[in-house]
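Visitor: Fold the following for me, if possible:
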Amino acid sequence: MRFALLGPLTVQDRHGTDQPAGPPMTRALLAGLLIAPNRPVPLDRIETALWGERAPATARSSLHNHLTRLRRALGEQDRIKAAPQGSLVLRVGDGELDTADFSRRLDAARTARLAGDWAAVTRETQAALGLWRGTPLSEFPRLAALESARVGGWQEARLQAVEWRCDAEMRQGRPDGLLPELLRMTAEFPLREVFHVQLMQTLHRVGQRAGALEAYQRLRRTLIDELGVEPGPAARAAHQQILADTPARRAAAPPAPAAGPPASAGPVHASPNAAAPGPPSALPRDVAAFSGRDVAVRDLLAAVRDGNDPPPAVAVHAVDGMPGVGKTAFAIHVAHRVAEHFPDGQIFFPLHAHTPGTPPVEPADALTGLLLALGEIPERIPADVAARAGLWRSRLAGRRVLVILDDAASSEQIEPLLPGTPGSTVLVTSRRRLVALRDAVPVSLGVLPPRFAAQLLVAKADRPELAAESGAVAELARLCGYLPLALHLTAARLRHHPSWTAADLVADLGAAKDQLTALATEHTSVATAFRSSWADLSADQKALFRRLGTQPAPDVDAYATAALHDVDLATARRLLEELEDHHLLEELTRGRYRMHDLVREYARGLPPDAGDDAAVRRQLDYYLLAGARAVRPFTQFGLHGLPEPGHRAGELPAMDGPMATTAWMRTERLNLRSAAEYAARNGLSVHAVYLPVVMKEFLRTHGYRQEALALYRTAVDTARAAGDRAGQATCLRDISTFQGPEEAEDSLREALALSRALPDPHGEAIALHLLAGIARVTGRCDTAEDAVRRALQLFIDVGDVRGQAEAWTEASRLQKIAGLYQESTASLERALALSVADSNELGQAAALTALGCLVRSTGDYARALLRYRAALALYRSLDHPVGTATVLADLGDLLRQTGAYGEAARCLEESLDLLSRTSGSLLDRVRALTYRSALSRRAGHVVAAEKDLREALALCTHADSAADRTRALARLAEVQEAAGAHTPALADARAAVDLSRTLHDHRGRAEALTVLGAVLLAEGTPAAIAEAGDCHRQALALARAAQAPYEEMLALEALAGSAPADQAAGHLRQALVLARQLVVPDAERIEARLAAR
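Guide: Alright, predicted model coming up:
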């Protein structure tokens, strides 16, 4: 056998024929064993690879079931054996596994490099790279996470092979063919210098010297922008070699910025005996390693330097930001850069709004200090505050002085200190937004971008071995919240403890219960900075601040805050704005606020209040109520089982229409998820179970499958632990929506048993309905019919109109498969009528889509187009991407069939794009790919068609849909025959026919037989022609029995090729009549065949 892991998992027999490895869990088991071929793999590790860290109690028995399936799929019982100490061993021979072959080829290339055999290097690396077909283990996310180091090693080895192959080609004097690949590799790996070096050398050797130099400059810009470093020795040497053609002209580097830590400075007191004091120059030292504020610095410099001369008014710039964000350092840095523009002096004056142990400076005292800084004699400073302010303004009149007023408490503290005439500039720093400070230009500082935070940490630590691009430094910067004060304190610990590493501090901070305690030095701490801001708050502000720290949502709006704090909406908005003015909250978008991680840590450390737990429960109740309102337009069934919250939210957001409700859910998704996780951790089982329930439809239709699975697994465990059988049944039903067919059926059967035991007829109806859909897709139509019949009666009994509509729609699908078109139409009309009466637009869209498929089957293409377009309009109005993608695929295939090829292509491309962006259902993607392949084949693009069909077949393995696999195999056989690959075409056509025999789908079997007959006819032997005739006659009978005119037309046309000459024309004439009735472009082809006879 042949196993392949370097891309999607494949298994082939000794003839090279693909072999199915079973459903997803069975495939994951095989992949987990192939990771360590011929070595024991512990069962615990396999369970982790299949189910994650929280494997269910039934994992071991399920594992044995999957093992049985895998052995059966491989056809060799002794291929997998049990090993001692609870492990399994998969026997793999030489040449059977691509990862082993890849390593062997790479070893051979390494040996050839050492020997200087460059032809062998090329040969071996090309062979090694040819084994790669995609990203290893991408279809098994849990296993990929568990084996991330191994996968990373494979990928690194692949890049090594590319490097060696390019090097070997250049050494053999063949650089021309390398350019496309090197351009792609440098774009894909912009920080991997070796590819850039090879690109430079290749461009230079093929005569593109300017391009080579530009490649170097592009590399240099990337490294400086991303990492803050220059290119390495190899790149610099290659650059010099290219420049050696002409003398290099290099611009001089700019001087380095001044260094030195910031210092706290008070007012400068002029000596009373000084006869002629010079201009004050009282700025503290500039900041060493100032980083990350380039845009803000540039804008403020421009505003200060480029003002009108004379300026029209006093320039006041108010720098605000949260505690520790670096406001003072920013102001000092800018002041040093513009000092020369203020020849009459520069003054730095601290106002001590948040200095521990020091009260804020009163305006009268501040004026005294400022006058003394200008050299005023103390005896001449008046006692009256207004007189002092007048003297201050008069001393500044006609002068250009830069004044920094640091750490202001309020606008009222600043107003008396402002100059009265143009010429001077004032920089104010404050933790509050000074919105009442007239004519002030605000400059708000946030935390540093991650890259600059890492650079600042490295620069301040002054440790040569640290690199800003290292993972440990990046993680340390993240744990510091990218806050400059925290970064400075952490860097100081590294600077003063040479034996400590960045990884040590990452471990310390990550494990610290009180992270803020770790972010402190002898006289300074982040907590102290936060504490002084907290002390400024009113009692009501403090209470909300503390509660915002304990609630689970990453961000909040006024509605969630009103529920949390038990106040009205206007009060909630006011309090949020006040906390944001203090920079203890950040306003992300209009009306939405979040806490910085370290601020939240401080809030959580405050002494709790007796009402805090109840406050969080009120917020969780709000999310449950609002979520239930948001999901109502999108539920397949009537809302079932949602408990009444303990607290009725006073006000819920307006959700006028499906677009508004979807927008709300999109905004609140992470908050709802966090709320559910918080509830599970804190024993609030109702919220842990039912918050995922209100999220389900949004998660399903917008591609959050993995998130939904994680939420529901936790919800099932929580419900089980709480003894909540109704909640457990609800979550098991919902999780099935996100599982593969096998797992989904297990979940639904367990949910069905729980619902019957309760009893809960509504839950039983939903489980039966969902089981019916799985049975239909997997070809068990009798089982599906029985389940949907019982579900429909139960939906009627409990009065669930939406459920009834869903059941009638499912019944119509089964009736269509059985060829009962009148009954199927009647069922869909009932479903549509129920949905209209219930104002259920989602149900209407589903029924219209199904009606489109049904009337298309009977050849009424005009009505089918109308139904599809009506359904599409509804799905778009609902902002329902998965429904939209489904209809677009069906509409696109019908447009192709009727000759509207341009619109068909647009529909199919949009469908596949939506399915990719939302991770839509596998079956929808299978059908869209299959439909697009037909469009590609018609245009003569057989390679593209085959690619789509092979992807569709791979997905069918996971989706377990025999009908879709039959169709894809038949289409693939057509494509292969068109490409001249007769043998595989015949094998796929026979496989399609064999598979179709297991189904009740006469139409699908007719299509498969028609294709098989065409492939046999192309063989040309008498036996093949005779068999082709049998196939076509069977196809014709099946198409007529299924009342499928298009398939009947194709069968008649095909039969003309295998029938005697005297009968062929009659078959073609019958086919032409049908083609004209259907108004399809096939008529032209049939007419041409008749004319040629």
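Visitor: so A553 makes contact with E677?
Guide: No: the pair A553 / E677 is not scored as a contact, 10.8 Å apart, by CB atoms under 8 Å. Backbone N, C-alpha and C define where each C-beta goes, glycine included.
Visitor: the more surrounded of these two?
Guide: A553 (23 against 17; other CB atoms under 10 Å).
Visitor: surely V162 meets W132?
Guide: No: assessed by CB under 8 Å, V162 is found out of contact with W132, at 10.0 Å.
Visitor: The two: who's more crowded?
Guide: Between V162 and W132, counted using other CB under 10 Å, the more crowded position is V162 (21 against 17).
Visitor: The closest residue in space to the more buried one that isn't next to it in sequence: neighbour count?
Guide: Excluding the flanking residues, the one nearest V162 by CB to CB, 6 or more residues apart in numbering is M185, at 6.3 Å. Residues lying near M185 (other CB under 10 Å) number 21.
Visitor: wait, M185 sits on F195?
Guide: Yes: counting by CB under 8 Å, M185 touches F195, with 4.4 Å between them.
Visitor: Which neighbours do these two have in common?
Guide: Common neighbours of M185 and F195 are listed as V162 (criterion: CB atoms under 8 Å, 6 or more residues apart in numbering).
Visitor: sorry, back to before: just confirm the residue nearest to V162 is within a strand.
Guide: No: secondary structure of M185 (DSSP: H, G, I helix; E, B strand; the rest coil): helix, not part of a strand.
Visitor: Tell me who's in contact with it.
Guide: Going by CB under 8 Å, 6+ apart, the list of residues near M185 reads V162, R192, F195.
Visitor: With only the CA atoms kept, save the helix or strand hosting the last one in CSV.
Guide: F195 is located in helix 193-205, with elements delineated by DSSP states H and E. Once non-C-alpha atoms are left out, helix 193-205 reads as follows in CSV (Å, rounded to 0.1, in the frame of the first residue of the first chain):
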residue,chain,number,x,y,z
GLU,A,193,16.8,36.0,3.9
VAL,A,194,18.2,33.0,1.9
PHE,A,195,15.5,33.2,-0.7
HIS,A,196,16.1,36.9,-1.1
VAL,A,197,19.8,36.3,-1.6
GLN,A,198,19.1,33.7,-4.2
LEU,A,199,16.7,36.0,-6.0
MET,A,200,19.3,38.8,-6.0
GLN,A,201,21.9,36.5,-7.4
THR,A,202,19.5,35.1,-10.0
LEU,A,203,18.4,38.5,-11.2
HIS,A,204,22.0,39.6,-11.4
ARG,A,205,23.1,36.6,-13.4
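Visitor: For it, name the packing helices and strands.
Guide: helix 148-171, helix 179-188, helix 209-227, helix 233-243 (3 or more CB pairs under 8 Å, 6 or more residues apart in numbering; DSSP states H and E).
Visitor: by how many degrees do that helix and helix 209-227 diverge?
Guide: 160 degrees (axes from the mean of the first three to the mean of the last three CA atoms, to 10 degrees).
Visitor: what does helix 193-205 contact?
Guide: 162-163, 166-167, 170, 175, 178-179, 182-183, 185-186, 189, 209, 211-213, 215-216, 218-219, 223, 231-232, 234-235, 238-239, 241-242.
Visitor: Any figure for the gap between the closest residue to L1009 other than its chain neighbours and L986?
Guide: Spatial nearest neighbour of L1009, excluding adjacent residues (CB to CB, 6+ apart): A1035 at 3.9 Å. To L986, A1035 is 16 Å away according to CB to CB, to the nearest Å.
Visitor: Would you mind giving the secondary structure of A318?
Guide: Per three-state DSSP, A318 ends up strand.
Visitor: List the contacts of the closest residue to Q346 other than its chain neighbours.
Guide: Setting aside the residues directly before and after it, Q346 is nearest to L402 in space (CB to CB, 6+ apart), at 4.5 Å. Contacts for L402 (CB under 8 Å, 6+ apart) come out as A335, V338, A339, H341, F342, G345, Q346, I347, S424, T425, L427.
Visitor: contacting residues around the first one?
Guide: A335 is in contact with L283, Q346, F348, L402, I404, L427, counting by CB under 8 Å, 6+ apart.
Visitor: go on, the second one?
Guide: Counting by CB under 8 Å, 6+ apart, V338 makes contact with L301, V304, R305, L402, T425.
Visitor: Which helix or strand contains it?
Guide: Judged by DSSP H and E, V338 forms part of helix 327-338.
Visitor: Identify each buried residue in that helix, please.
Guide: Across helix 327-338, burial judged by 16 or more other CB atoms under 10 Å covers K327, T328, A329, F330, A331, I332, H333, V334, A335, H336, R337, V338.
Visitor: Same question for stretch 488-504.
Guide: Those would be H488, L489, T490, A491, A492, R493, L494, T501, A502, for stretch 488-504 by 16+ other CB under 10 Å.
Visitor: which one of the residues you listed is nearest G52?
Guide: For the buried residues of stretch 488-504, the minimum distance to G52 (CB to CB) is 29.9 Å, reached by A502.
Visitor: Other residues contacting the worst-scoring helix or strand of the chain on mean pLDDT?
Guide: Of all helical and strand segments in the chain, the minimum by mean pLDDT, DSSP states H and E falls on helix 515-518, at a mean of 70. Here helix 515-518 makes contact (CB under 8 Å, 6+ apart) with L479, D508, L509, A512, S525, V526, A527, F530, L598, E601, Y602, G605.
Visitor: Buried residues, the helix or strand where the second one lies. List them.
Guide: Meaning D508. D508 belongs to helix 502-511 when assigned by DSSP H and E. With burial defined by 16+ other CB under 10 Å, the residues of helix 502-511 counted as buried are A502, L505, V506, D508, L509.
Visitor: Looking at those, which one is closest to V1015?
Guide: Looking across those and measuring by CB to CB, the closest to V1015 is V506, at 62.5 Å.
Visitor: Find the helix or strand that R720 is a member of.
Guide: Going by DSSP H and E, R720 is part of helix 705-722.
Visitor: helices and strands around that helix, which ones?
Guide: Counting by 3+ CB pairs under 8 Å, 6+ apart, helix 705-722 packs on helix 658-681, helix 685-701, helix 725-735.
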